[in-house]
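Trainee: Structural data only, the sequence is not supplied:
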């Protein structure tokens, strides 16, 4: 039986398909996916299981930004933001619309980006897959019925024609995948990838341009709030550092797990949902996320058994990047609306597999800028053939693939916010102690949680510190619930010479990486790095 739901006339966009389903509820999008998408199913806990085809992750080298005189001087051109001319954008836009016009049915989702009603954007998604529609209904902030009625013209439109490839002969194309943003046309075009995360990060990229232009700091981070004072805390960290795990804190309210803005009024989440990694997920390890993957959520590229549709979260035969998307209100301690006051604490998380950074150290404002621009973590040995020692990873502002301005722009905004609001900045190592990976051991999660608790309680504000002789940071030497011997890294290395050599090696890697950003940094920030 075909349902009768509100449709939308897309002829103003050059799309003439008659069956255009507008803002369908999850239950109907489930039906549409099961009927019309091969492989779609429902997990034993009620989440929609969907598959993104050959692309199971983002394609950062295929991201393009139109080079236009109005914004050309603002953009950080290079390996993150590849330029494209407007004519090539129009070709890809036409190609996307031509493909969408061949479909029997299309789906339109309207939602908001940003919980602050004075700064939010109206986003419209036009796509041909119910899975994509449900994903973005989950990840955008869902309007009320009245807000749907009054939605009007969107600020930005995303055309998702990801099932159809880009033409490699089009100028500027390097593959059959292209994710193109035109800030002047206020449009995103997706070709050649059905990975849903491209839409989410497309919206984030837009916010990463517009918010700093208005004097607000957009951030790739998680955020929590004190339920009593409404003050917030921000956790930055690359993949594997514990950002999602540590933001799931029963003592605090969750503002969001990934994308935020620090405005004149405080912190607000950009999104209406969470997009968590699902590899090795279990109810014991991540109970909140596990329970959130219920009816209304999307499970992406997971393997399940035919008999009971029980998902095997340890099976990586499709991809290691299995994901789950769910509305933020599915997390029991979520703070709705997802807004809070100015942060008392900024926490930079790093998984230091070299084992030389202190478990917790306090940063000066200049050091905060240095480590923010650096965005350091490390990959462990053994993850790739031939890799026998840890490798450093640096991602500017802890989210380089999504930055639009030069990292110095975001660092300047952070410096301004820190000065105005007096937030404390901490560097927390969730990686190794007593030696590098393969020799030492990973710092226990219970110790890292004790450190985060002590930061939030204010216990570390007056805790004794010593200056790290190589990295120059103020190493905290007393933390409630944490053995004092692990707080000074050198003390628990058996081989002191190896410790010094390893620390100097990592310091040199920091220095070499920072040379890329020296032109935009002050002399104070330049001198705030390690003493290599």
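Mentor: The structure has been received and is ready for your questions. Small disclaimer: the values here were computed from a predicted structure and weren't measured.
Trainee: which ones are touching the residue nearest the centre of the chain?
Mentor: Ranked by distance to the mean C-alpha position of the chain (C-alpha atoms, centre = their mean), the top residue is residue 258 at 4.3 Å. Residues near residue 258 by C-beta atoms under 8 Å, 6 or more residues apart in numbering: 220, 221, 222, 271, 274, 275. C-beta here means a position set from N, CA and C on the backbone, and glycine is covered the same way.
Trainee: Ramachandran angles for it?
Mentor: Here is the backbone geometry of residue 258 (degrees, to the nearest 10): phi -150, psi -40.
Trainee: Please report the distance of it from residue 459.
Mentor: 28 Å (C-beta to C-beta, to the nearest Å).
Trainee: Of the contacts of residue 258, just the buried ones, ChimeraX syntax please.
Mentor: This is the ChimeraX syntax for the buried subset of the contacts of residue 258, where burial follows 16 or more other C-beta atoms under 10 Å:
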select :220,221,222,271,274,275
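Trainee: Setting the sequence-adjacent residues aside, check what's closest to residue 41.
Mentor: Nearest residue to residue 41, sequence neighbours excluded (C-beta to C-beta, 6 or more residues apart in numbering): residue 49, at 4.6 Å.
Trainee: Quick one: residues contacting the nearest residue to residue 447 once chain neighbours are set aside.
Mentor: Sequence neighbours aside, residue 482 is the residue nearest to residue 447 in space, at 4.9 Å (criterion: C-beta to C-beta, 6+ apart). Shown in contact with residue 482 (C-beta under 8 Å, 6+ apart): 359, 447, 450, 451.
Trainee: out of the contacts of residue 258, which are inside strands?
Mentor: 220, 222, 274, 275 (DSSP state E).
Trainee: hang on, isn't the first one packed against residue 407?
Mentor: No - with contact defined as C-beta atoms under 8 Å, residue 220 does not reach residue 407; the gap is 11.7 Å.
Trainee: Spell out which residues are contacts of both of those two.
Mentor: Contacts common to residue 220 and residue 407, judged by C-beta under 8 Å, 6+ apart, are residue 397.
Trainee: Just the element for residue 361, please.
Mentor: strand 360-362 (DSSP states H and E).
Trainee: Could you report the neighbour count for residue 337?
Mentor: 12 (other C-beta atoms under 10 Å).
Trainee: Am I right that it is in contact with residue 112?
Mentor: No - using C-beta under 8 Å as the test, residue 337 is too far from residue 112 to be in contact (11.0 Å).
Trainee: Give me the average confidence score over stretch 73-90.
Mentor: Averaged across stretch 73-90, the pLDDT comes to 96.
Trainee: Renumber starting at 886 from here on
Mentor: Okay, using 886 as the starting number, the last item reads as stretch 958-975.
Trainee: Please state the offset of that stretch from the chain centre?
Mentor: 22 Å (C-alpha atoms, centre = their mean, to the nearest Å).
Trainee: likewise stretch 1278-1294?
Mentor: 12 Å.
Trainee: List the contacts of that stretch.
Mentor: For stretch 1278-1294, using C-beta under 8 Å, 6+ apart, the contacting residues are 943, 945, 948, 950, 959-961, 965-966, 1086, 1089-1090, 1093-1094, 1097, 1104-1106, 1121-1123, 1233, 1257-1264, 1295-1296, 1398, 1402, 1405-1406.
Trainee: Angles on the backbone of the residue nearest to residue 1332, please.
Mentor: Dihedral angles (degrees, to the nearest 10) for residue 1367: phi -120, psi 130.
Trainee: So the residue nearest to residue 926 versus residue 994, what's the distance?
Mentor: From residue 934 to residue 994 the distance is 20 Å (C-beta to C-beta).
Trainee: quick one: which of these two has more around it?
Mentor: Just comparing residue 934 and residue 994: by other C-beta under 10 Å the higher neighbour count belongs to residue 994, 26 against 20.
Trainee: check contacts around the closest residue to that one other than its chain neighbours.
Mentor: Of all residues beyond its chain neighbours, the one nearest residue 994 is residue 1010 (4.3 Å), with distances taken as C-beta to C-beta, 6+ apart. Taking C-beta under 8 Å, 6+ apart, we find residue 1010 in contact with 992-996, 1017-1018, 1021, 1025, 1042-1043, 1045, 1084.
Trainee: can we see that at 7 Å?
Mentor: The neighbourhood of residue 1010, defined by C-beta atoms under 7 Å, 6 or more residues apart in numbering, consists of 993, 994, 1018, 1021, 1043, 1045, 1084.
Trainee: nearest to residue 981, of these?
Mentor: The nearest member of those to residue 981, counting by C-beta to C-beta, is residue 1045 at 8.0 Å.
Trainee: who's in contact with that closest one?
Mentor: 1010, 1011, 1012, 1017, 1075, 1084.
Trainee: Figure out the helix or strand that the closest residue in space to the third one that isn't next to it in sequence lives in.
Mentor: If I follow you right, that is residue 1012. Spatial nearest neighbour of residue 1012, excluding adjacent residues (C-beta to C-beta, 6+ apart): residue 1045 at 3.9 Å. Per DSSP H and E, residue 1045 falls inside strand 1041-1046.
Trainee: Hey, what's the angle from the helix or strand just after that strand to strand 1041-1046? Just curious.
Mentor: Next helix or strand after strand 1041-1046 toward the C-terminus (DSSP H and E): strand 1063-1067. Per axes from the mean of the first three to the mean of the last three C-alpha atoms, to 10 degrees, the angle that strand 1063-1067 makes with strand 1041-1046 is 160 degrees.
Trainee: Can you tell me what sits against the following helix or strand past strand 1063-1067?
Mentor: Toward the C-terminal end, the helix or strand that comes next after strand 1063-1067 (DSSP H and E) is strand 1072-1076. Residues from elsewhere that reach strand 1072-1076 (C-beta under 7 Å, 6+ apart): 977-978, 980-981, 1041-1047, 1049-1051, 1062-1066, 1083, 1087.
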